[in-house]
Each structure stands twice: as C-alpha cells, then as structure tokens.
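Colleague: Quick one, what's the 3D model for this:
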Amino acid sequence: MINPTNVIRILIQKYPVSSYPSTSSTSEEEDLAHQLVQVIEGCRSSSLLIETLVDLDFDDNWYSDADDDDNDDDPDYLKSPQKSDGPTKTALEGALRLLKNNPRTSLATIKSKYPSIKYMYQVNRYMKQKESGGSRNAKIAKIRNECLEIFKEAKENHLIVHDDDVQRWALLVNHSFPEPLPHHLFSGSAKFVTRWKKQNRVVSRKITKIVSIFQR
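Modeller: Numbering: from 1, shown residues only. Alright, predicted model coming up:
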C-alpha cells in the first residue's frame with residue numbers, strides 16, 4: 001500500500017521548499033499536482049501499478065574503454081586483423097576477375113599481375129569465403145553493424161530495447177548468411193552484447209512506468 005505522506009516527504013527532500021521562492025501557483029503547476037494526486041490515489045487503490053524497466057539507449061556523455069575486457073577465448077570476440085604477408089583483398093578480387101573472364105587462367109598469369117598471391121589455394125579460399133558471406137571477422141562485423149541499424153530504428157520508433165533483443169537480432173543476422181557461423185564461432189553471448197554496447201556508446205537505463213492493472 002502506498003503511503004502518501006512518505007511520497008510527499010521524499011518529494012520535499014528532493015525539492016526543498018527553502019530552495020525555491022514563494023510564488024503564486026500557475027495553471028500548469030496545478031495541473032501537474034492534480035495528475036500526481038491521481039497517480040498516488042490510483043496506486044493506493046491498486047488500480048495503478050509502478051513498473052521499473054531497463055531500456056537501452058545512446059549516451060553521448062558516456063565513455064569506456066571498449067578493449068578492457070577483450071578475451072581471445074570468447075567465441076564472439078572480433079579479433080583485430082593481424083598484419084600479414086599474404087595477398088591483399090585487391091589482389092584476390094583481381095584474381096577472381098581474371099578467373100571469371102577465363103576459368104583456365106594459370107597461377108603464373110595471376111602471379112604476374114598480383115605478386116602477393118603465391119598459391120592458388122589462397123584464391124580458392126577467398127572465393128569460398130565470399131560465397132559463404134565472408135570471413136568470420138567480416139560476418140561478425142556485419143552482425144554488429146546490422147544490430148546497430150535495427151537498434152536505431154527501434155529508438156526512432158520509441159521502443160524499449162533489452163540486451164536479449166540485441167542477442168536475438170545478432171542471431172537472426174547470422175542465420176541470414178548463406179553459411180551462418182556455427183555456434184562455437186558465434187553464439188550471440190552476453191559478452192558480445194557488452195562489447196557491442198561499448199562500441200556504440202549504448203547504456204542501460206532504468207525507467208519507471210505507471211500502468212493500469214487493466215493494461216497488464
């Protein structure tokens with residue numbers, strides 16, 4: 001049962017009378033007071049309930065080091081690309097164009113145009129990755145980006161978003177690939193959501209919602 005006296009005491013602690021000058025009440029202030037009375041009476045009669053929800057939203061003033069909990073053992077961890085002496089993406093794309101124009105193109109011809117390519121298996125592996133939707137890192141990057149776009153749309157429509165919504169979106173995007181990442185390579189874990197939130201400056205906020213028992 002709601003005790004109105006306690007509510008008033010908390011409000012006075014939050015807004016001490018001594019901090020504000022004494023003025024005549026405005027119509028807006030009287031309307032607000034009337035609405036507060038209705039809310040308190042509704043809670044006292046149990047016709048209204050106060051719910052506390054957690055919502056995700058952007059926070060431009062929030063800062064955190066996104067790499068402070070990186071863990072190479074986490075299957076959802078997006079590893080930074082390592083410097084490699086292997087063929088560049090430009091070279092591999094060029095090799096694919098040569099093979100598309102002439103499937104009988106020899107490795108020697110490819111190497112003459114793209115010296116960074118040493119072996120045909122490098123071209124074949126890259127072609128297979130493209131057909132499956134990209135490399136593991138490319139897929140995880142796309143999952144993160146797609147989740148961000150879905151999140152932006154949800155916020156524009158004033159929807160409440162939870163961590164498990166981001167996990168669900170991530171799994172849906174993964175399953176949209178021609179060859180989804182298997183569970184041991186991507187599971188949409190809680191750690192993935194934590195890193196995604198840090199990367200995109202998204203925070204969890206508690207919001208209070210007053211609902212009628214007839215709306216539940």
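Colleague: What strand or helix carries I207?
Modeller: In the assignment (DSSP states H and E), I207 maps to strand 202-212.
Colleague: Please enumerate residues in contact with that strand?
Modeller: 39, 42-43, 47-59, 62, 151, 160, 163, 196-197 (Cβ atoms under 8 Å, 6 or more residues apart in numbering). The C-beta positions use only the backbone N, C-alpha and C, and glycine is treated the same way.
Colleague: which of the residues in stretch 51-61 are buried?
Modeller: By neighbour count on 16 or more other Cβ atoms under 10 Å, the buried set for stretch 51-61 is L56.
Colleague: quick one, domains of this structure?
Modeller: For the chain, automatic domain parsing gives the domain ranges 4-46, 89-207.
Colleague: What's the mean pLDDT across the longest one?
Modeller: The predicted model assigns domain 89-207 a mean pLDDT of 93.
Colleague: and that domain, how far out from the chain's middle?
Modeller: Taking Cα atoms, centre = their mean, to the nearest Å, the mean C-alpha location of domain 89-207 is offset from the chain mean by 16 Å.
Colleague: I'd like the list of the contacts of strand 202-212 that fall within strands, please.
Modeller: The members of these that map onto strands under DSSP state E are 48-58.
Colleague: ok, these vs K89, which is closest?
Modeller: F58 (31.9 Å; Cβ to Cβ).
Colleague: separation between the closest one and F192?
Modeller: Relative to F192, F58 is positioned 19 Å away (Cβ to Cβ, to the nearest Å).
Colleague: S106 now?
Modeller: Taking Cβ to Cβ, one finds S106 at 43 Å from F192.
Colleague: same question, L11
Modeller: Relative to F192, L11 is positioned 42 Å away (Cβ to Cβ).
Colleague: how far off strand 202-212 does the longest helix along the chain point, in degrees?
Modeller: What stands out as the longest helix in the chain, according to DSSP state H, is helix 136-156. In terms of direction (axes from the mean of the first three to the mean of the last three Cα atoms, to 10 degrees), helix 136-156 departs from strand 202-212 by 40 degrees.
Colleague: and helix 136-156, which residues are buried?
Modeller: 136, 139-140, 142-144, 146-148, 150-151, 154-155.
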